[in-house]
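> I would like to see how this sequence folds:
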Amino acid sequence: MIKKFIKNLFGTKPAAAAPKSVLGTRMEVPVAEHGIDPKLLDDRAVRVVETLQQAGYEAYVVGGAVRDLLLGRRPKDFDVATNATPEQVKSLFRRAFIIGRRFRIVHVVHGRGRDHEVIEVSTFRALLGEEVAERVTGNEKTSKKEMADKAHVVDASGRVLRDNVWGPQVEDAARRDFTVNAMYYDPARQLLVDYHGGLADLRAKLLRMIGDPETRYREDPVRILRAVRFAAKLGFTVEPASKAPLQACARQLPEVPVSRLFDEMVKLLQTGHGLASLEQLRFQGLGRGLFPVLDAVLQADGALPEGWHGELIRKALQDTDLRVAEGRSVAPSFLLACLLWAEVKGRWAQARAAGEPTVPALQQAIDQVFDARIGDISGRGKLAADMREIWLMQPRFERRFGSGPFSLVEQARYRAGFDFLRLRADAGDASSALADWWEDFALGSDEDRQALIADAKTTDRAPARGDASAPRAAQGQAHDDLPADEPAAEGAPAKKRRRRRRPKGRGEGSAAPVSE
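Numbers count the residues shown, from 1 in each chain. Have a look, this model is predicted:
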């Protein structure tokens, strides 16, 4: 019992002395020099810091939040670092939860429902070299039993699998990745603490790795992706010594758990700088071979493909970036649906050509693409369900008879399905007139809707032209797998209707609808 308490408090063994050359020198920067505006701070994060300080602990806002504050931006998330152990932190807050095995941290939760906010609190960690770590031959999954009672573990390549040995702030700063992410801010004293020249690098717009870059990338290959993401997000340049090992060390990325790698890809593409991230991946020579989803999209040189496919992805990323800039929420399912649509469509056409009916063929294509590009990741069920709904709606948009249109616009995910159709039309993959018709139908009165359906009965008699949503068999096979009251339309409207504009604030936006 006592042994377990000591282990939780100090880790499994005392931290070895860190090299002084890596530790840096503490510099305290006053408000007159750093210029952080207190109005940009989050009140809940400040309360967490104050609660810890009043209990006798050190506590600071840390990491990316400090970096963004120095740039005059309001951070999206606030992290706090302290010398209190996770158990001590948890005891101070009513709603606090210790999470994680690789890094044990505390989530302090404020509010409930959609308005809730999580402040992540981490304990200062010791800077331990690979030589003093306990080594296992496997990975996170295969070596669970070996790592059960260990606090600092690396695999055969030196990748850190567990890091839960507490230490002083000077060592905590040295074990962070880039200098611009290793600064601490005390809101009570308005004091900035900088050990590695992060403020100077921030003003020079440089991303510089703390310590030996190759060793640090080997410890955690995800730092490679973080370098790309921060360069794209901030418009910074990766310092030459930090850039040199990127491509060579990227070979270790397949060793990272699939779920963690997938989350990093979503961060690259969906945090307000998706297009810039793709360009930065290409610039660093990392366009292909990192993510199966992007391998389905990018050309050999890392560029977007020509034609409607590349245009669809470009528009989806542009609209996602815009939504993030405007502070609106985004759904990863929509962006992923755009990225993988061309492959789904190609496999769908093959299944139809082999004699499969429309809907079963599409379902078969979706399953194949999920297995090939998404794999077994945490949260796949909800993600897959949302993407599947968006894709399965596309052939239904061609059917504009009977009760079908009325039931379709009442579906919970209709907005996402329509936004996908509109984006396809804007990219040249679907009829603009068809997208206009559905927008008019969704916004129209009962009389308007009846008139639109009557118009569709006339205009849809002509044979299909161009690239329709659902691939047809050469002999014009009927949609025998669709409901009898919803016969399939065989073409787009002959004339373009005047497009109605959605009332401001009613819809979710074209490229990244709010997830239900």
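> residues of stretch 324-338 that come out buried?
Residues of stretch 324-338 classed as buried by neighbour count (16 or more other C-beta atoms under 10 Å): 324, 330, 331, 332, 333, 334, 335, 336, 337, 338. For the C-beta atoms, the positions are set from N, CA and C on the backbone; glycine is no exception.
> separation between residue 275 and residue 232?
Distance of residue 275 to residue 232, given as C-beta to C-beta, to the nearest Å: 9 Å.
> if we can go back for a sec, which two among the buried residues of stretch 324-338 are spaced furthest apart?
324 and 337 (17.7 Å; C-beta to C-beta).
> Apart from its chain neighbours, what residue comes closest to residue 88?
Excluding its sequence neighbours, the residue lying closest to residue 88 (C-beta to C-beta, 6 or more residues apart in numbering) is residue 57, at 7.3 Å.
> whoops, I mixed them up, residue 42
residue 78 (4.9 Å).
> what about that neighbour, how many neighbours?
24 (other C-beta atoms under 10 Å).
> Where does the prediction get shaky in the chain?
For the chain, the stretches with pLDDT under 70 are 1-21, 113-115, 129-164, 376-380, 460-516.
> how about the residue nearest to residue 88, phi and psi?
phi -100, psi 160 (degrees, to the nearest 10).
> quick one on the thing from earlier: need the buried residues of stretch 324-338 in a markdown table (columns: secondary structure).
Listed next are these as a markdown table, based on DSSP: H, G, I helix; E, B strand; the rest coil:
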| residue | secondary structure |
| --- | --- |
| 324 | helix |
| 330 | coil |
| 331 | coil |
| 332 | helix |
| 333 | helix |
| 334 | helix |
| 335 | helix |
| 336 | helix |
| 337 | helix |
| 338 | helix |
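> For those residues, give me a markdown table that also has distance to residue 211.
Shown next, in a markdown table, are the buried residues of stretch 324-338 (distance: C-beta to C-beta, whole Å):
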| residue | distance to residue 211 |
| --- | --- |
| 324 | 32 |
| 330 | 35 |
| 331 | 38 |
| 332 | 33 |
| 333 | 38 |
| 334 | 39 |
| 335 | 35 |
| 336 | 35 |
| 337 | 40 |
| 338 | 39 |
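> Closest one of those residues to residue 444?
For those, the nearest to residue 444 is residue 334 (24.8 Å; C-beta to C-beta).
> how close does that closest one sit to residue 391?
In terms of C-beta to C-beta, residue 334 sits 11 Å off from residue 391.
> Packing partners of the helix or strand encompassing residue 309?
Element membership for residue 309 (DSSP states H and E) is helix 307-325. Applying 3 or more C-beta pairs under 8 Å, 6 or more residues apart in numbering; DSSP states H and E, we find helix 307-325 packed against helix 258-270, helix 274-283, helix 332-353, helix 414-427.
> next one: the very next helix or strand once past the shortest one to chain centre, how far?
Read it as helix 274-283. Per DSSP H and E, the first helix or strand lying C-terminal to helix 274-283 is helix 292-295. Relative to its chain's centre, helix 292-295 lies at 14 Å (C-alpha atoms, centre = their mean, to the nearest Å).
> Name the residue in residue 275 and residue 232 with the higher neighbour count.
Using other C-beta under 10 Å, the more surrounded residue of residue 275 and residue 232 is residue 232, with 22 against 17.
> Could I get the full set of strands for this protein?
Assigned by DSSP state E, the strands in the chain fall at 27-29, 59-62, 79-82, 96-99, 105-110, 117-123, 134-135, 152-154, 160-163, 183-186, 191-194, 206-207, 237-238.
> Let me know which of these is tucked in deepest.
By mean neighbour count, with neighbours taken as mean count of other C-beta atoms under 10 Å, strand 59-62 ranks first of the strands of the chain at a mean of 26.
> Dump the C-alpha coordinates for that one into PDB.
Provided in PDB are the C-alpha atoms of strand 59-62 (Å, rounded to 0.1, in the frame of the first residue of the first chain):
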ATOM      1  CA  ALA A  59       0.800  26.100 -11.700                       C
ATOM      2  CA  TYR A  60       1.100  27.700 -15.100                       C
ATOM      3  CA  VAL A  61      -0.800  27.900 -18.500                       C
ATOM      4  CA  VAL A  62       1.500  26.000 -20.800                       C
END
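> Partner strands of it, with direction?
Counting by DSSP bridges, the strands paired with strand 59-62 are strand 79-82 (antiparallel), strand 183-186 (antiparallel).
> circling back to that earlier point, quick check: the residue nearest to residue 88 touching residue 81?
No: counting by C-beta atoms under 8 Å, residue 81 is not a contact partner of residue 57; they are 10.5 Å apart.
> Could you state which residue of the protein sits nearest its centroid?
In the chain, the residue lying closest to the centroid (C-alpha atoms, centre = their mean) is residue 266, at 2.5 Å.
> residues touching the residue lying closest to it once chain neighbours are set aside, list them.
Nearest residue to residue 266, sequence neighbours excluded (C-beta to C-beta, 6+ apart): residue 332, at 5.1 Å. Going by C-beta atoms under 8 Å, 6 or more residues apart in numbering, residue 332 touches 266, 270, 383.
> how many other residues sit next to the second one?
A count of neighbours around residue 270, defined by other C-beta under 10 Å, yields 22.
> OK, contacts around residue 271?
229, 233, 324.
> which of those lies closest to residue 286?
residue 229 (11.5 Å).
> count of neighbours near the closest residue to that closest one other than its chain neighbours?
Nearest residue to residue 229 in three dimensions, chain neighbours excluded: residue 268, at 5.3 Å (C-beta to C-beta, 6+ apart). Residue 268 has 24 neighbouring residues, counting by other C-beta under 10 Å.
> pretty sure residue 268 contacts residue 226?
No: taking contacts as C-beta under 8 Å, residue 268 lies outside contact range of residue 226: 9.5 Å.
> rewinding a little: dump the strands of the chain into CSV; add distance to residue 259 as well.
CSV is the format used below for those (distance: least, C-beta to C-beta, whole Å):
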stretch, distance to residue 259
strand 27-29, 38
strand 59-62, 25
strand 79-82, 21
strand 96-99, 15
strand 105-110, 17
strand 117-123, 18
strand 134-135, 24
strand 152-154, 19
strand 160-163, 15
strand 183-186, 29
strand 191-194, 34
strand 206-207, 26
strand 237-238, 26
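> hey, where'd the helices end up in the stretch 51-200 of the chain?
Assigned by DSSP state H, counting those that start in this stretch, the stretch 51-200 of the chain shows helices spanning 64-70, 86-91, 144-147, 169-174, 198-204.
> and the ones you listed as a markdown table, adding distance to residue 254 and mean neighbour count?
Below are the helices of the stretch 51-200 of the chain laid out as a markdown table (distance: least, C-beta to C-beta, whole Å; neighbours: other C-beta atoms under 10 Å):
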| stretch | distance to residue 254 | mean neighbour count |
| --- | --- | --- |
| helix 64-70 | 26 | 23 |
| helix 86-91 | 31 | 18 |
| helix 144-147 | 20 | 14 |
| helix 169-174 | 28 | 22 |
| helix 198-204 | 30 | 18 |
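> Residue 406: which of those is closest?
With C-beta to C-beta, the closest approach to residue 406 among the helices of the stretch 51-200 of the chain belongs to helix 64-70: 47.1 Å.
> can I assume residue 227 is in contact with residue 246?
Yes: taking C-beta under 8 Å as the definition, residue 227 is a contact partner of residue 246 at 6.7 Å.
> ok, those two, which is more surrounded?
residue 227 (25 against 20).
> and the gap between the nearest residue to the more buried one once chain neighbours are set aside and residue 434?
Excluding the flanking residues, the one nearest residue 227 by C-beta to C-beta, 6+ apart is residue 238, at 5.5 Å. Per C-beta to C-beta, residue 238 is found 45 Å from residue 434.
> Next: residue 227.
Residue 227 is 43 Å from residue 434, by C-beta to C-beta.
> quick one: the residue lying farthest from the centre of the chain from residue 298, how far?
In the chain, the residue that sits farthest from the middle, by C-alpha atoms, centre = their mean, is residue 458; the gap is 44.8 Å. Going from residue 458 to residue 298 by C-beta to C-beta gives 43 Å.
> Thank you, goodbye.
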